[in-house]
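In: Following is a predicted model, sequence given first.
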Amino acid sequence: MNRNRIIFYIVFGIFHLSAFIFTVMLNNDTGLLFKMVNYVPMFKWVTLGGLLMVIVDAAWAYITKRNLLNEKAALTQELNTLKAKLFDLQEAAKKQAAAAKEAGK
């Protein structure tokens, strides 16, 4: 995992930890809840930020997977090319050995 992804997950974890602490604070304290009614629009934006982080993570995972599949396909193609070259070299060596054997008879 690269450094940017680790930083993203740290921010994502802090977001969820703060949401958990917020819900624990509101456990049975309805007075605090009624005091916070004025901040509901801000909570909407904070939850939108959390939703955007989930979407970014899903998109990032998709892009990473796509890049890895492309890299794997390129490496498979290169491997097949090298196998073909090795086969050609082996066939040429067999022909040379057969020609040398015929010449030696």
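Out: Arrived safely, thanks for sending.

In: Any regions of this protein where pLDDT drops low?
Out: Of all residues in the chain, those with pLDDT under 70 make up the ranges 105.

In: give me that answer again for 80
Out: Per-residue confidence for the chain (pLDDT under 80) gives these ranges: 1, 25-30, 32-34, 36, 40, 104-105.

In: which other helices and strands contact the biggest helix by length in it?
Out: As far as residue count goes, and with DSSP state H defining each element, the longest helix of the chain is helix 40-104. With contacts defined as 3 or more CB pairs under 8 Å, 6 or more residues apart in numbering; DSSP states H and E, the secondary structure elements packing on helix 40-104 are helix 3-25. C-betas here are computed from N, CA, C, even on glycine.

In: helices or strands up against the helix it packs on?
Out: The criterion is 3+ CB pairs under 8 Å, 6+ apart, and the helices and strands that helix 3-25 contacts are helix 40-104.

In: and the angle from the helix it packs on to helix 3-25?
Out: When axes from the mean of the first three to the mean of the last three CA atoms, to 10 degrees is applied, the directions of helix 40-104 and helix 3-25 differ by 150 degrees.

In: who touches stretch 6-25?
Out: Residues outside stretch 6-25 that contact it (CB atoms under 8 Å, 6 or more residues apart in numbering): Leu32, Gly49, Gly50, Met53, Val56, Asp57, Trp60.
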